[in-house]
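Student: turn this into a structure:
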Amino acid sequence: MDYPLLNAFWTMCLIFLWVMWLILLFRIIGDIFRSHDLKGWGKTGWLVLVILLPFLGVFVYVIARGHGMSDREIAQAERQQKQLQEYLRKTVATGDDETSRHADSLAKLAELKNHGDITEEEFQKAKAKILA
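Tutor: Sure thing, here's the model as predicted:
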């Protein structure tokens with residue numbers, strides 16, 4: 001097995017470039033589907049170009065629409081964050097009253113302890129009383 005170090009380095013570079021190419025290709029395909037300003041035929045045209053002529057399609061897409069890729073990604077992340085916050089707000093709001101009262105009491109106790117108004121021992125006693 002004769003495989004010099006330079007050949008191993010060259011192989012690692014090619015694998016790295018191949019993986020980066022796949023990442024770029026999938027990001028562009030995701031951006032095509034994420035884009036709201038493209039309609040059905042526009043998305044189909046870009047997909048056909050990117051899939052049938054991948055190098056040319058990717059480079060043309062990056063030149064033509066690359067400036068908005070980060071904006072669309074940020075907008076998607078903000079929508080997901082808003083959905084998560086709404087879900088959490090709805091889920092927490094549906095908790096029973098006793099649990100929410102305990103949580104409020106524990107939060108107030110923790111705040112008092114953090115401000116130094118009560119000691120750790122007093123905090124533990126009050127916490128045990130609330131949880132009992």
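Student: contacts and neighbour counts: CA atoms only from here.
Tutor: OK.
Student: okay, I32 and L112: tell me how far apart.
Tutor: Distance of I32 to L112, given as CA to CA, to the nearest Å: 52 Å.
Student: next, name the residue at the spatial heart of this protein.
Tutor: A77 (6.4 Å; CA atoms, centre = their mean).
Student: look up how far D71 lies from that residue.
Tutor: 10 Å.
Student: do L52 as well
Tutor: 27 Å.
Student: and the longest helix for this structure?
Tutor: Identified as the longest helix of the chain according to DSSP state H is helix 5-34.
Student: helices and strands around that one, which ones?
Tutor: Here helix 5-34 touches helix 40-52, helix 54-65, helix 69-93, going by 3 or more CA pairs under 8 Å, 6 or more residues apart in numbering; DSSP states H and E.
Student: re the thing from before, between I32 and L112, which is the more surrounded one?
Tutor: The neighbour comparison of I32 against L112 (other CA atoms under 10 Å) goes to I32, with 21 against 14.
Student: show me what contacts S35?
Tutor: With contact taken as CA atoms under 8 Å, 6 or more residues apart in numbering, S35 is in contact with R72.
Student: how about L106?
Tutor: Contacts of L106 by CA under 8 Å, 6+ apart are K127, I130.
Student: and it, what helix or strand is that in?
Tutor: Applying DSSP states H and E as the criterion places L106 in helix 97-115.
Student: in that helix, what counts as buried?
Tutor: S105, L106, L109, A110, K113 (16 or more other CA atoms under 10 Å).
Student: done for today, thanks.
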